[in-house]
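J.: Sequence and predicted structure below; questions after.
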Amino acid sequence: MENNTLRINGQRLRESLETMAQIGATPGGGVQRLTLSDEDKQARDLFVKWLKELDLEITIDEMGNIFGRRPGKNNNLAPVMSGSHVDSQPKGGRFDGILGVMGPLEVLHTLHENNIETERPMVIVDWTNEEGSRFAPAMVSSGVWSGALERDWAYDRTDLAGNRFEDELIRIGYKGAEPCKAFPLHAYYEYHIEQGPMLEMEGKTIGAPKGILCLHWYDIYLDGTANQVGPTPMEGRNDALCAAAEMILAVNDLPERMGGNMVATVGEIQNYPNSRNIIPDKVHFTVDIRSWDDDLALAAWDKVQQDFVKIAEQRGCPIRCEETWRVNHQPFDQRLVERVLQSADMLGYSNLKMVSGAGHDASYVNHVAPTAMIFVPSIGGRSHVEVEATTWEDCEAGGNVLLHAMMESANESD
Ligand code: GLV
Ligand code: MN
Ligand code: MN
């Protein structure tokens, strides 16, 4: 039976978020918990301790994904799962990812202290390396879990210092024994901050994305000719950084030139040897293209790649372009999206159907199980920055929507 009067403990949710925010806290008020770093390990250790306090059955798989299982009345039925990630961007915020782990933890706490049993088991998950900023690509472990990415390929990803993903996973003690493989799920809900301005602009408390944009990642490598900047005339230089500069502006102009609904960004660049008095002879930069329309995103890449080749020729800088990662746009399960909106209505929270421009593990889980997300507003639409914030009231509201959506799914017999 659904208990409509049940609510999570907003104060306890706040305390768990504030405690987690101390791990990797940055002077600017954010957190830096890069994936598989010492800070990631500390956050995982605390998470596992909290799972134990709730008597959950803990499993760690070979990608380091951490699952905590609460039995149901009928453990032959597929569980309802919710989770997100404890890793963060460099100089990231205190809500991205961790809200989606502390939210379901609070849901399970609420059920535990009220002695509420659900028909189906419930599972909470922390996915390894959602962010993809230390080891590209993002969402890699839900990707392996869903069968979309290869485990050994993921293990061989390296960071800028040349550390391998698998070695770092072992170093922090989170390479588990369980195969990283999807198991049957009745429903997956991911609770997250919006990371954009829509909810705030519309004055709504809860967002239910109908799905997630496609994400296409590319890596570009340019060669130039290094030389002393003083004696070398401007004519005839092969300056790899100048070539990159023109290319970056071409990426920025791309959405307008395509005349469609998309975004395109260069967010990362390495310049070598990176000395003010040497003409750069090597540059690496990244391209991120997102749209609801997969074909438009691909056409945009074709166009900009042609620009790149032209610029590289003009500047005499050989170029290599690699496709690092591609996830098609993901429409969520309509029934679950409606359930999120209905739970918000039942609880008296204003709500909005929208799309997610940010990538989430829900994108890969959606390949193998009915999936939906719950968004709460980001103040000023800011995210992936230290000032990222959401009001405690909104965190609590989203937690209540998660509680009721999960309970309803977990009490379904089929
Ligand atoms: C994940 O953080 C993304 O890039 O959207
Ligand atoms: Mn996130
Ligand atoms: Mn993020």
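T.: On my side now, so go ahead. Ligands and ions are numbered 1, 2, ... in the order given.

J.: Go through the residues of the stretch 201-350 of the chain and report the one nearest to ligand 2.
T.: residue 212 (11.4 Å; C-beta to the ion). (Each C-beta comes from the backbone N, C-alpha and C, glycine too.)

J.: Against residue 179, how distant is that residue?
T.: Distance, residue 212 to residue 179, using C-beta to C-beta, to the nearest Å: 26 Å.

J.: Name the residue in those two with the higher neighbour count.
T.: A direct count of neighbours by other C-beta atoms under 10 Å for residue 212 and residue 179 places residue 212 higher, at 26 against 12.

J.: wait, that one sits on residue 354?
T.: No. Between residue 212 and residue 354 there is no contact under C-beta atoms under 8 Å: 10.9 Å.

J.: Please point out which parts of the helix or strand in which residue 397 is found sit buried.
T.: Residue 397 belongs to helix 392-410 when assigned by DSSP states H and E. Neighbour counts over helix 392-410 (16 or more other C-beta atoms under 10 Å) mark 394-410 as buried.

J.: and that helix, what does it pack onto?
T.: Under the contact criterion of 3 or more C-beta pairs under 8 Å, 6 or more residues apart in numbering; DSSP states H and E, helix 392-410 touches helix 10-21, strand 80-84, helix 99-113, strand 187-193, strand 206-212, helix 334-347, strand 371-376.

J.: Can you lay out the ones you listed as CSV showing mean pLDDT?
T.: Shown next, in CSV, are these (pLDDT from 0 to 100):
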stretch, mean pLDDT
helix 10-21, 98
strand 80-84, 99
helix 99-113, 98
strand 187-193, 99
strand 206-212, 98
helix 334-347, 98
strand 371-376, 99
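
J.: Out of these, flag the one nearest residue 318.
T.: Nearest of those to residue 318, taken as C-beta to C-beta: strand 206-212 at 35.5 Å.

J.: is that closest one anywhere near ligand 1?
T.: No. Shown here: strand 206-212 not in contact with ligand 1 (C-beta under 6 Å from any ligand atom), separated by at least 8.7 Å.

J.: helix or strand right after that strand?
T.: strand 214-223.

J.: Just give me how far that following strand sits from the chain centre.
T.: With C-alpha atoms, centre = their mean, to the nearest Å as the basis, strand 214-223 stands 18 Å off its chain's centre.

J.: ok, it: who's next to it in the sheet?
T.: When pairing is defined by DSSP bridges, strand 214-223 lines up against strand 282-291 (antiparallel), strand 319-327 (antiparallel).

J.: Just the CA trace of the last one, in CSV.
T.: As requested, C-alpha coordinates have been extracted for strand 319-327 and formatted as CSV (Å, rounded to 0.1, in the frame of the first residue of the first chain):
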residue,chain,number,x,y,z
ILE,A,319,46.0,17.1,-37.9
ARG,A,320,44.6,13.9,-36.5
CYS,A,321,40.9,13.7,-35.3
GLU,A,322,39.6,10.8,-33.1
GLU,A,323,36.1,10.0,-32.2
THR,A,324,36.4,9.2,-28.5
TRP,A,325,32.8,8.5,-27.5
ARG,A,326,29.3,8.7,-28.9
VAL,A,327,26.0,8.2,-27.0
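
J.: any idea of the angle that strand forms with strand 206-212?
T.: Counting by axes from the mean of the first three to the mean of the last three C-alpha atoms, to 10 degrees, strand 319-327 points 120 degrees away from the direction of strand 206-212.

J.: List the buried residues for strand 319-327?
T.: Buried residues in strand 319-327 (16+ other C-beta under 10 Å): 319, 321, 325-327.

J.: As CSV, the residues you listed with distance to ligand 1 and pLDDT would be great.
T.: Shown next, in CSV, are these (distance: C-beta to the nearest ligand atom, whole Å; pLDDT from 0 to 100):
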residue, distance to ligand 1, pLDDT
319, 25, 98
321, 20, 98
325, 10, 97
326, 14, 97
327, 10, 97
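
J.: circling back: next, format the strands paired with strand 214-223 as CSV and append distance to residue 47.
T.: What follows is these, written out as CSV (distance: least, C-beta to C-beta, whole Å):
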stretch, distance to residue 47
strand 282-291, 29
strand 319-327, 26
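
J.: Among those, which comes closest to residue 141?
T.: Residue 141 lies closest, by C-beta to C-beta, to one member of the strands paired with strand 214-223: strand 319-327, at 13.6 Å.

J.: Relative to the whole chain's centre, how far out is that closest one?
T.: 19 Å.

J.: Equivalent analysis for stretch 267-277, please.
T.: 27 Å.

J.: swap in stretch 5-12?
T.: Counting by C-alpha atoms, centre = their mean, stretch 5-12 comes out at 26 Å from the chain centroid.

J.: nearest to residue 53, of the strands paired with strand 214-223?
T.: Comparison of those against residue 53 by C-beta to C-beta identifies strand 319-327 as nearest, at 35.2 Å.

J.: Can you name the next helix or strand after the closest one?
T.: Counting by DSSP H and E, the next helix or strand C-terminal to strand 319-327 is strand 330-331.

J.: and that following strand, anywhere near ligand 1?
T.: No. When contact is scored as C-beta under 6 Å from any ligand atom, no part of strand 330-331 falls within range of ligand 1; the minimum is 12.7 Å.
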